[in-house]
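Undergrad: The sequence and its predicted three-dimensional model are supplied below.
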Amino acid sequence: MSFTLAICSEMVLTELPHLERVQHIHDAGFAVEIWDWTQKDAEALRATGASFTSMTGYVTGDLTTPGGADDLLRTAEESIPFAQAIGCPSLNIHGTGLGEGGLPVRPVEVTTGEDWVAAVRTLERVAELAERHDVTYVLENLNTAVDHPGTPFARAADTLALVRAVDSPHLRMNLDLYHAQIGEGNLVDLVREAVPFTGEVQVADVPGRCEPGTGEVRWSFVAQALADAGYTGVVAMEAWASDPSVDGSRRAMDAFREAFTV
């Protein structure tokens with residue numbers, strides 16, 4: 001197997017308490033990803049024996065406004081001890097803070113040149129913070145058509161451009177292929193271009209954001225493209241189980257494993 005396969009514990013086994021989800025995912029042979037760390041117990045997570053590959057790495061803030069950038073850096077630094085406590089090497093950020101329903105706290109209709117310059121400067125600070133603490137921040141692309149309207153720097157092309165501009169091993173791209181399929185498509189060419197700057201890959205099928213095999217993407221072909229491009233890192237299923245029962249979630253995880261075993 002070329003990849004470390006992980007499951008987002010926020011989206012499967014939803015009939016169970018969160019810690020039980022983590023235990024089930026670990027027992028099935030996967031690493032685990034989490035979102036908001038502020039409502040979780042690091043010691044309890046560690047006691048499951050699970051390996052954690054990614055978590056949300058900030059609480060508030062954005063990339064472009066002076067106050068927002070300061071908030072992002074402050075809450076990013078507050079997030080690092082939790083990541084270190086559970087052994088999580090990657091912390092995820094977005095183009096702006098996301099609130100209820102994944103909507104941006106500060107929606108933006110037009111991203112200006114000044115916004116781009118400010119975003120690079122903020123991300124340079126994030127990379128410096130990450131280097132000091134020996135972690136990696138990953139900047140996730142999103143889609144604005146379905147899930148996150150008004151989010152700046154949402155396209156994969158945007159996040160890739162920002163990561164390239166900062167040019168630090170402590171700031172990589174979280175290449176979310178679900179969002180990219182909705183916003184841009186052409187996934188194989190995107191993979192080939194983005195892999196040298198990618199710290200993590202996330203997947204869900206389109207439409208519906210469920211496990212591989214429930215939508216339009218030929219995931220085995222995409223998985224082979226990732227392997228051919230030399231990617232050997234984390235691939236995470238950040239997807240709902242099409243059948244939300246415990247057994248359905250297990251089948252969803254099995255489908256993901258099958259699609260990304262190359």
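TA: Arrived safely, thanks for sending.

Undergrad: what's around residue 247, how many residues?
TA: 9 (other Cβ atoms under 10 Å). For glycine as for every other residue, the C-beta is placed from the backbone atoms N, C-alpha and C.

Undergrad: what do you get for the one 3 residues further on?
TA: The number of residues packed around residue 250, counting by other Cβ under 10 Å, is 17.

Undergrad: Hmm, it is touching residue 28, no?
TA: Yes - in this structure, residue 250 is within contact of residue 28 by Cβ atoms under 8 Å, at 7.0 Å.

Undergrad: The stretch 151-262 of the chain: helices as residue ranges?
TA: Using DSSP state H, counting those that start in this stretch, the helices found in the stretch 151-262 of the chain span residues 156-166, 177-183, 187-194, 219-228, 246-259.

Undergrad: want to throw those helices into a markdown table with distance to residue 235 and mean pLDDT?
TA: A markdown table is the format used below for the helices of the stretch 151-262 of the chain (distance: least, Cβ to Cβ, whole Å; pLDDT from 0 to 100):
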| stretch | distance to residue 235 | mean pLDDT |
| --- | --- | --- |
| helix 156-166 | 16 | 98 |
| helix 177-183 | 9 | 97 |
| helix 187-194 | 11 | 98 |
| helix 219-228 | 7 | 97 |
| helix 246-259 | 9 | 98 |
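
Undergrad: Out of those helices, flag the one nearest residue 112.
TA: Shortest distance between residue 112 and these, using Cβ to Cβ, is found for helix 156-166: 13.2 Å.

Undergrad: how would you label residue 75: helix, strand or coil?
TA: Residue 75 carries the three-state label helix when classified by DSSP: H, G, I helix; E, B strand; the rest coil.

Undergrad: So it is in contact with residue 56, correct?
TA: No - between residue 75 and residue 56 no contact is recorded; they are 9.9 Å apart, counting by Cβ under 8 Å.

Undergrad: These two: which has the busier surroundings?
TA: Higher neighbour count among residue 75 and residue 56: residue 56, with 21 against 18, using other Cβ under 10 Å.

Undergrad: Next up, phi/psi of the more buried one, please.
TA: phi -60, psi 130 (degrees, to the nearest 10).

Undergrad: So it sits against residue 91, correct?
TA: Yes - the pair residue 56 and residue 91 passes the contact test of Cβ under 8 Å, sitting 7.3 Å apart.

Undergrad: Run through who's touching whichever strand or helix holds residue 53.
TA: Assigned by DSSP states H and E, residue 53 belongs to strand 52-56. Strand 52-56 has contacts (Cβ atoms under 8 Å, 6 or more residues apart in numbering) with 4, 6, 31-37, 45, 79, 82-83, 86-93, 138, 174, 200, 234, 236.

Undergrad: strands paired with that strand, and their directions?
TA: strand 31-33 (parallel), strand 90-93 (parallel) (DSSP bridges).

Undergrad: so which of the ones you listed gets nearest residue 242?
TA: Nearest of the strands paired with strand 52-56 (Cβ to Cβ): strand 31-33, 19.2 Å.

Undergrad: and that closest one, average pLDDT?
TA: If you average the pLDDT over strand 31-33, you get 98.

Undergrad: The helix or strand just after that strand packs against which elements?
TA: Downstream of strand 31-33, the next assigned helix or strand under DSSP H and E is helix 42-47. Packing contacts for helix 42-47, counted by 3 or more Cβ pairs under 8 Å, 6 or more residues apart in numbering; DSSP states H and E, involve helix 18-27, helix 66-86.
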